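1. Pasting a predicted model and its sequence here:
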Amino acid sequence: MAVAFLLSLVQTLILLASCLYFVYKVVVHRRYNLPPGPQGWPLIGLVLQCCEHTHLKFHKWSQTYGDVFSVKLGVQLVVVLNSYDAIRDAFLHTSTKVADRPKQWIISRATNQKGVATLWNDWKVTRKHMIKSVNEYVVKNEGMEKIVKAECDVLEKYITNSAGKPISLRHVIYNVVGNILCTVVFSKRYNYCNDNFRTLLARVSEKAVTNTNLLTFLPLFWYIPSSKKRFFLSLESEVSSFIRDMIIERRQQLLDKEPENIIDSFLIEPDTYGDDITNLVEAAKSMFIPGIHTTSGTLLWGILYLAMNPEIQEKCYSEIVGVVGIEQHLTFQNRGNLPYVEATILEIHRCANVIPLGVPRLVNTDTNINGHIIPKGTTVIANIWANHMNEKKWSNPYKFNPDRFMGDGIANKNHVIPFSIGLRACPGQDLAKMDIFLITTRLIQKSQTFRPHYKKLVDIRSMYGGRPFLTLTATATNDIVNRILMHLHFKRTAMEVVAVVPDRSIAQCGAVYAALCNVVILLCRGKD
Ligand code: HEM
């Protein structure tokens, strides 16, 4: 009896929700002229279809509904922009109207409703201060360049000293990027063997590749215990306490020192942040968390694309050596004299797509985007991946080809938008661009014989327990490796790259293990 009553109650509720949803759709669509899009279920919309590889799903829907489509994720109305023109129209032409961040439970808990990437506090103040201090402390006075060069020297020494032993390039690159950020923010760096720092960086990166759509769009999930939620919260508090300790240390040191990093610059202006250290912790976290995975991911994809394309690496090497020889470090200013290197880095950004869907924005007033009136409160997502892989814009978009940016092709450079565009575009982009340019070119300069040698490709195997175990024998062909890479390229999965340095210097490296996702590929390099 009770069961029958419950069932009919559930049926009635579903019916009611469906009717309300239908009425809502008719009213909203009539009033606002929303973009077309796929139909979803009441209350959950199409969120279950977006639990992984969401950028691909969006790309597929855009082929049916057009570059701008709308979709319900949970009860949230989301408009997805899938081409450069659509993104430009929303983020540049109506910049101030599409400048907020959606109010998400997950971000709320993660940031204590503070920091740059949030809706709640006055993000403009923190963002302005962050950009100002990055400019003053690291870009203008060449401080950043010195920091990156010093870290590259440590990296070089580390690789040389590891002769004969495998190195996890992923961890090393996290360390390099983490150290540069920590030096810029708190004047502190860590040894590559420091397990605590290593684990923290790896966890920060793991979080960045975790799909949180269910937690974001179905707030009910927030109340259900899950390993994802536990991981998310414990990591946030770990990073907060790491940063809090640094700030306390800096506050004491600042008493008898001149300000020399970004935290110092925040500390000497107490009016901006008040006495509550939480504001400062969140401001610093806004640099630390978004900066690690993105910059390291781009560097790692870059190394991999170069390993797969030795002729491109060779051309970059010749250009670099032509400008500064084999020893002297490049400066950021040298970019103007290195058109092919510049084209290669643009192509790495276009293909790497480390944040394929950018960071969601929120429309703060009814706004016209691409001829559609989008209601206040709508979430807007830029599918950066779809823009970078748009077949109408790029010929053979899945091929890694820096030549597309040479000669007249350089005019297309503005269409490569890994940092997004407009009022909320990435405030760390100057830092990231300098890191990527200086580290990538140094690796090329010091590894002129870097060359995959597929005849010696012996092993592709699972990195983590419980996943498929693949083995490729010595007969593995270039084509097989390329197909695996293409698969990973599409899925945007986490990547593992391991290098082996046989003897002597980095310039004479003989082998590189490139391990991607849960797959390890052994590549060899060195002249045949
Ligand atoms: C290759 C490296 C990087 C890429 C591809 C990248 C990409 C992005 C993208 C696409 C956004 C969203 C922008 C928008 O909504 O329009 C963003 C936001 C952000 N990024 Fe980056 N980023 C990188 C490195 C960094 C670094 C090094 C930092 C810090 C030092 C940083 C800090 C931030 C912050 C704080 C935001 C939020 C800005 C706001 O809400 O106003 N990013 N980034």
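-> Looks like it came in fine.

2. Could you tell me which residues of the stretch 301-450 of the chain lie near the ligand?
-> Within the stretch 301-450 of the chain, the residues that sit near the ligand (CB under 6 Å from any ligand atom) are 354-355, 358-359, 361, 418-420, 422, 424-428, 431-432. All C-beta atoms are positioned from the backbone trio N, CA, C, and that covers glycine.

3. Find the pair from those with maximum spatial separation.
-> Arg361 and Leu431 (22.0 Å; CB to CB).

4. Name only those of the residues of the stretch 301-450 of the chain next to the ligand that count as buried.
-> Burial of these was assessed by neighbour count (16 or more other CB atoms under 10 Å); the buried members are 354-355, 358-359, 361, 418-420, 422, 424, 426-428, 431-432.

5. Identify, from these, the entry nearest to Phe91.
-> The closest of these, once distances to Phe91 are taken by CB to CB, is Gly422, at 3.4 Å.

6. Which of the three states applies to the closest residue to that closest one other than its chain neighbours?
-> With sequence-adjacent residues excluded and distances taken as CB to CB, 6 or more residues apart in numbering, Gly422 is closest to Phe91, at 3.4 Å. Look at Phe91: counting by DSSP: H, G, I helix; E, B strand; the rest coil, its state is helix.

7. Give me the distance between Phe91 and the ligand.
-> Relative to the ligand, Phe91 is positioned 6 Å away (CB to the nearest ligand atom, to the nearest Å).

8. tally of neighbours for that residue?
-> Phe91: 24 surrounding residues under other CB atoms under 10 Å.

9. next one: Thr183
-> 22.

10. List the contacts of it.
-> Counting by CB atoms under 8 Å, 6 or more residues apart in numbering, Thr183 touches 147, 151, 189, 261.

11. For those, point out the one with the lowest pLDDT.
-> Of all the contacts of Thr183, Asn261 carries the smallest pLDDT score, 83.

12. Could you list the low-pLDDT ranges of the stretch 401-528 of the chain?
-> By pLDDT under 70, the low-scoring segments of the stretch 401-528 of the chain are 447-528.

13. scratch that, the stretch 51-200 of the chain is what I was asking about
-> Scanning the stretch 51-200 of the chain for pLDDT under 70 picks out the ranges 104-122, 137-141, 162-168.

14. quick one: the helices in it?
-> When secondary structure is read from DSSP state H, counting those that start in this stretch, the stretch 51-200 of the chain shows helices at 54-65, 84-88, 105-111, 123-134, 143-161, 169-186, 195-208.

15. from those helices, which stretch is densest packed?
-> Across these, the average number of neighbours (mean count of other CB atoms under 10 Å) peaks for helix 169-186, which reaches a mean of 24.

16. what's the distance between the closest residue to the ligand within the stretch 401-528 of the chain and Glu238?
-> Nearest residue of the stretch 401-528 of the chain to the ligand: Gly428, at 2.1 Å (CB to the nearest ligand atom). From Gly428 across to Glu238, the span is 21 Å (CB to CB, to the nearest Å).

17. returning to what we had before: including distance to Leu330, could the helices of the stretch 51-200 of the chain go into TSV?
-> As requested, these are arranged in TSV below (distance: least, CB to CB, whole Å):
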stretch	distance to Leu330
helix 54-65	33
helix 84-88	30
helix 105-111	37
helix 123-134	21
helix 143-161	9
helix 169-186	16
helix 195-208	26
